[in-house]
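> Got a predicted model here, sequence first, then my questions.
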Amino acid sequence: MIRPADIREWRGRDVVDADGHKVGPLEAVYTDTATDEPAMVTVRIGLPTRQRLVFVPLDEAVAGPDYLKVRYGKALVKKAPSIGTDDVLSAEEEEPVFRHYGVPYHPGAGGERRLARG
């Protein structure tokens, strides 16, 4: 388990896929509002003039000396729902992110958001 205090220090470090291919630098950590545990990160991808942030779940993620390895392949990650580098994930955009990775999505009992930027 990656502790929240640890992963927040990883901003800017490389996120790599299961085969060790670099996906991009870690931008932000999103916490699951039900468990208060890190659930996803955003990764900066694209050309320097047209960058965007894609979401990647942290299930089975492994922290290395200077990288964070996720279990999802680079091709899948690059096709994930994204936001602009200055944008915020809306409540309506949460479910498609989970669905893209085959992760069940359950909002809070009162319809609360599932992810909160940490």
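Looks like it came in fine.
> and the helix ranked longest in the chain, what's its mean pLDDT?
Ranked by number of residues, the top helix in the chain under DSSP state H is helix 91-100. Regarding helix 91-100, the rounded mean pLDDT is 94.
> chain center to that helix, what's the gap?
12 Å (CA atoms, centre = their mean, to the nearest Å).
> For the helix or strand following it, name the packing helices and strands.
Under the assignment DSSP states H and E, the closest C-terminal helix or strand after helix 91-100 is strand 115-117. Here strand 115-117 touches strand 22-32, going by 3 or more CB pairs under 8 Å, 6 or more residues apart in numbering; DSSP states H and E. Heads up, the C-betas are built off the backbone N, CA and C, glycines and all.
> buried residues in the strand it packs on?
By 16 or more other CB atoms under 10 Å, the buried positions in strand 22-32 come out as 23, 24, 25, 26, 27, 28, 29, 30, 31.
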